[in-house]
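Undergrad: Structure here, sequence nowhere to be found:
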């Protein structure tokens, strides 16, 4: 794939078909002094393909010792960290992202060196002011509700579009782009971007490196076109996503909504061939991949050998002896449906008094990731419901709702999973939600961990609006907005016989154990490599400057310019015909020639202005 830089010159080259060598174009970008140190080959200097995994936050736990020394630990529970296990060995993996803590500007260089040496991570440092507007402002108050089908109807809603927050979002994405460019050894490296925090990054990268092999995976839902079309910067986001080579979604519904947006707002139609979906975008073929992620079963099963797990599980077994335990694990978020779950459990106790004293709902609530009026109201409503249910149905030695509003470490979460008879997910909208998968793995347990004659069993009550729902065919699917339906599902789950629970569990375990996070990552990286295989045979031109005007035009290797002599010959032929035609035919030909001339003038004007 041959490239050129600069909007005006690109258009001029496109019109004249004067293609320059890719190495010369890149040399002007990097500077003559760096040309010899950056050979633009497919592989890095080590002979391996390079894959940069870009996410909002690095899979790193950071803390500072009292002596002032920074300590960094690998977060083995982070999804992007677990994905590395599925990436082929011939790839050198580098992580790019921000840290969960602020680092003083005077320490940033030292921290960067430390992270690169210890964990092969390249930290992105964003100023606290920009980070506040970018993450808590634009990402959480505007994109997050939009992608979860919520429109900001109230004039005072924080979800109303704010140009200042948008600029912070673009600025933060530019900071990520600069770090990716810094880490790239060539413009043929692979870049895998994760989630809605970095949706304009593909365009920013494509402007710098036309040949970059860029993938984007969206871990959140994607709304219908009727919702998405209300967003003022809809075209900028859509066009930027299409500047990736492969766009991934968890479910077919999310992909279908994206394709509908591309069709209705950009006039782009998709093609399906042999099970693949693609969109032709300015000469490039953009692939659409539909594949839900998974969990790392081995990581969870290792926890069964931890002493703290055994101790905590023994405590819980004693605490809930003789009870049917229903378990919920959610972030404190308006879309998780925690209050609906509590209302349904209250209805269960009202309509089935025989389960009072025998059924317990354990609700683990993680800290919220954003702030706002709605979140404060939800928090108050949940506490009120918990208090009301416990005050109404508690008895000596029995409390119907065990509410934990704190961070629950992995060993304790595994312990809760193992004692829970039913896992309940009532999210009103969720991109994926891996709680059911984790629950199934923990109910399976490692071989021989319990009684040798013990056969694993589990039950799931899952909202039909979460991404994992289609893959769990044995779960009881519910509409979380219907309190009665959820209450009936809870009752059905705890009444299901052990034989049926085992059958459902076996079906779920087979799927979860095969479709792991490693399997998901391996499949995505292979498809990204396959979809970018033809890059080297194409000629690319970047047109335009801003996010709303930038286009990357890719031409086939056999593309030939339209010779000016042929155009003039056709023009003279048409003029010559006029000598032998009637006046009406002469007018018709004259209008045709005028149209050709006006079109030529328009193209000339576009070239002059770099459009």
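TA: That came through fine. All figures in this text were calculated on a predicted structure; none of them were measured in a lab.
Undergrad: Does the closest residue in space to residue 242 that isn't next to it in sequence have any beta-bridge partners, and if so which?
TA: Sequence neighbours aside, residue 281 is the residue nearest to residue 242 in space, at 4.8 Å (criterion: Cβ to Cβ, 6 or more residues apart in numbering). To be clear about C-beta, it is placed using only N, CA and C from the backbone, and glycine gets the same treatment. Per DSSP bridges, the residues bridged to residue 281 are residue 284.
Undergrad: Next, count neighbours for residue 269.
TA: Using other Cβ atoms under 10 Å, residue 269 has 10 other residues around it.
Undergrad: Distance-wise, check the residue nearest to residue 242 relative to residue 546.
TA: Here residue 281 is placed at a distance of 18 Å from residue 546 (Cβ to Cβ, to the nearest Å).
Undergrad: Tell me which of the two has more neighbours.
TA: The neighbour count for residue 281 versus residue 546, taken as other Cβ under 10 Å, is higher for residue 281 (20 against 10).
Undergrad: residues contacting that one?
TA: By Cβ atoms under 8 Å, 6 or more residues apart in numbering, the contact set of residue 281 is 242, 243, 268.
Undergrad: With residue 238 as the reference, measure out to it.
TA: Counting by Cβ to Cβ, the gap from residue 281 to residue 238 is 10 Å.
Undergrad: Also residue 570?
TA: Distance, residue 570 to residue 238, by Cβ to Cβ: 38 Å.
Undergrad: These two: which is more packed in?
TA: Shown here are residue 570 and residue 238; by other Cβ under 10 Å, residue 238 has more neighbours (19 against 12).
Undergrad: Surely the more buried one is in contact with residue 263?
TA: No. Checked against Cβ atoms under 8 Å, the pair residue 238 and residue 263 is beyond contact range at 10.6 Å.
Undergrad: Report how many residues lie close to residue 171.
TA: Counted by other Cβ under 10 Å, the residues lying close to residue 171 total 14.
Undergrad: by contact count, what packs against the strand or helix carrying it?
TA: For residue 171, the host element (DSSP states H and E) is helix 163-183. Judged by 3 or more Cβ pairs under 8 Å, 6 or more residues apart in numbering; DSSP states H and E, the packing partners of helix 163-183 are strand 49-57, strand 91-98, strand 121-124, helix 128-131, helix 201-208.
Undergrad: Mean pLDDT added to these, as TSV?
TA: Below are these laid out as TSV (pLDDT from 0 to 100):
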stretch	mean pLDDT
strand 49-57	96
strand 91-98	97
strand 121-124	97
helix 128-131	96
helix 201-208	94
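Undergrad: Minimum distance to residue 322: which of those has it?
TA: With Cβ to Cβ, the closest approach to residue 322 among those belongs to strand 49-57: 42.5 Å.
Undergrad: which element follows that closest one toward the C-terminus?
TA: Scanning forward in sequence from strand 49-57 by DSSP H and E, the next helix or strand is strand 60-64.
Undergrad: partners of that next one in the sheet?
TA: Strand 60-64 sits in its sheet next to strand 70-74 (antiparallel), going by DSSP bridges.
Undergrad: Quick check: mean pLDDT of the partner strand?
TA: The average pLDDT for strand 70-74 rounds to 94.
Undergrad: just the strands in the stretch 301-450 of the chain please.
TA: 324-331, 359-366, 401-404, 422-425 (DSSP state E, counting those that start in this stretch).
Undergrad: which one of those is the most hemmed in?
TA: Most buried of the strands of the stretch 301-450 of the chain, by mean neighbour count (mean count of other Cβ atoms under 10 Å): strand 422-425, with a mean of 28.
Undergrad: same for it, what does it pack against?
TA: strand 324-331, helix 435-444, strand 459-463, helix 483-495.
Undergrad: per-residue confidence averaged over it?
TA: 98.
Undergrad: so where's this protein uncertain?
TA: 1-47, 450-453, 574, 576-611 (pLDDT under 70).
Undergrad: Mind doing that once more with 90?
TA: 1-49, 65-68, 153-159, 185-188, 209-211, 273-275, 367-374, 447-455, 534-611 (pLDDT under 90).
Undergrad: circling back to that earlier point, next, format the contacts of residue 281 as CSV and append neighbour count and distance to residue 475.
TA: Shown next, in CSV, are the contacts of residue 281 (neighbours: other Cβ atoms under 10 Å; distance: Cβ to Cβ, whole Å):
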residue, neighbour count, distance to residue 475
242, 24, 35
243, 26, 37
268, 18, 36
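Undergrad: what's the closest non-adjacent residue to residue 136?
TA: With Cβ to Cβ, 6+ apart as the criterion, residue 136 has its nearest non-adjacent residue at 5.9 Å, and that residue is residue 370.
Undergrad: Is that neighbour in contact with residue 143, as I believe?
TA: No. Taking contacts as Cβ under 8 Å, residue 370 lies outside contact range of residue 143: 11.2 Å.
Undergrad: Next one: residue 529 from residue 522, what distance?
TA: Residue 529 is 11 Å from residue 522, by Cβ to Cβ.
Undergrad: again, but for residue 554
TA: From residue 554 across to residue 522, the span is 27 Å (Cβ to Cβ).
Undergrad: Comparing the two, which residue is more hemmed in?
TA: The neighbour comparison of residue 554 against residue 522 (other Cβ under 10 Å) goes to residue 554, with 20 against 16.
Undergrad: what about the nearest residue to that one once chain neighbours are set aside, distance to residue 336?
TA: The shortest distance from residue 554 to any non-neighbouring residue, by Cβ to Cβ, 6+ apart, is to residue 283 (3.5 Å). In this structure, residue 283 and residue 336 are 43 Å apart, going by Cβ to Cβ.
Undergrad: which of the two has more neighbours?
TA: Remark: of residue 283 and residue 336, residue 336 carries more neighbours, 26 against 16, as counted by other Cβ under 10 Å.
Undergrad: hang on, the more buried one packs against residue 427?
TA: Yes. Using Cβ under 8 Å, residue 336 is in contact with residue 427, at 5.0 Å.
Undergrad: list residues touching both of the two?
TA: residue 330.
Undergrad: burial count for the nearest residue to residue 65 once chain neighbours are set aside?
TA: Computed as Cβ to Cβ, 6+ apart, the closest residue to residue 65 that is not its neighbour in sequence is residue 71, at 6.0 Å. Neighbour count of residue 71, defined by other Cβ under 10 Å: 11.
Undergrad: Now do the contacts for residue 71.
TA: Counted by Cβ under 8 Å, 6+ apart, residue 71 has contacts 62, 63, 64, 65.
Undergrad: what about 10 Å?
TA: Neighbour list for residue 71: 61, 62, 63, 64, 65, 114, 118 [criterion: Cβ atoms under 10 Å, 6 or more residues apart in numbering].
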